[in-house]
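*Asks:* With the sequence up front, the predicted model follows.
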Amino acid sequence: MLARKSIVDCQIGNYTIPEGSLLFVNIWSIGRDPKVWSNPMKLNPERFLKPNESDGPGINIDVKGFNYKLLPFGTGRRGCPGINLAMQELPTTLAAMIQCFNWMVVNPEGVEMKGNDLVDMSERPGLTAPRAHDLVCVPVARCSPVS
């Protein structure tokens, strides 16, 4: 949820928002809107590989929130101040993690899990949409230690 306060009277669609109203933006619902995202509940990271192409009918993917279809960092002047740093560091960090490690998925007891359904996207109640079952991965170094 993003909380905002209306500083002036405004009209949004058929609704009049009076000055001083406290507004809550449900970003959970925005990210799961089937009018915007094809198969919104399916894990499909590939939809973010081409940021200028649309996933749904005429919708551009924009992580900065200017089109209000995806708000991982919030939007406007109260958006996350670290978005630019995160967007620069993420490719390098992810590449290093992929290059240097193999990843082993384990259950809560630490036993390796195998199969096609390792990622369970079901959610439990909470403000941040937490996973019902955590995905626990253990890094395994690809290189032998230097002697």
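*Replies:* Perfect, thanks for sending it.
*Asks:* how about low-confidence regions in this protein?
*Replies:* Along the chain, the parts satisfying pLDDT under 70 run over 48-67, 144-147.
*Asks:* Show me the helices in it, by range?
*Replies:* 27-30, 83-100 (DSSP state H).
*Asks:* just the CA coordinates of stretch 29-46, formatted as PDB?
*Replies:* Extracted in PDB, the C-alpha atoms of stretch 29-46 (Å, rounded to 0.1, in the frame of the first residue of the first chain):
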ATOM      1  CA  SER A  29      -3.900  -5.100  -7.000                       C
ATOM      2  CA  ILE A  30      -2.200  -3.000  -9.700                       C
ATOM      3  CA  GLY A  31       0.400  -5.700 -10.200                       C
ATOM      4  CA  ARG A  32      -2.300  -8.400 -10.600                       C
ATOM      5  CA  ASP A  33      -4.700  -6.600 -12.900                       C
ATOM      6  CA  PRO A  34      -5.500  -8.900 -15.900                       C
ATOM      7  CA  LYS A  35      -6.400  -5.900 -18.000                       C
ATOM      8  CA  VAL A  36      -2.800  -4.800 -17.800                       C
ATOM      9  CA  TRP A  37      -0.900  -8.100 -17.400                       C
ATOM     10  CA  SER A  38      -1.400 -11.300 -19.300                       C
ATOM     11  CA  ASN A  39      -1.500 -14.200 -16.800                       C
ATOM     12  CA  PRO A  40      -0.800 -11.900 -13.800                       C
ATOM     13  CA  MET A  41      -0.500 -14.700 -11.300                       C
ATOM     14  CA  LYS A  42       2.000 -16.700 -13.400                       C
ATOM     15  CA  LEU A  43       5.600 -16.300 -12.600                       C
ATOM     16  CA  ASN A  44       7.000 -14.900 -15.800                       C
ATOM     17  CA  PRO A  45      10.100 -12.800 -15.300                       C
ATOM     18  CA  GLU A  46      10.600 -12.700 -19.100                       C
END
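*Asks:* ok, now which ones touch the residue nearest to Lys114 when sequence neighbours are not counted?
*Replies:* Leaving out its chain neighbours, the residue that sits closest to Lys114 by CB to CB, 6 or more residues apart in numbering is Val105, at 7.9 Å. C-betas here are computed from N, CA, C, even on glycine. Counting by CB atoms under 8 Å, 6 or more residues apart in numbering, Val105 touches Glu112, Met113, Lys114, Leu118, Leu135, Val136, Cys137.
*Asks:* Sounds good, over and out.
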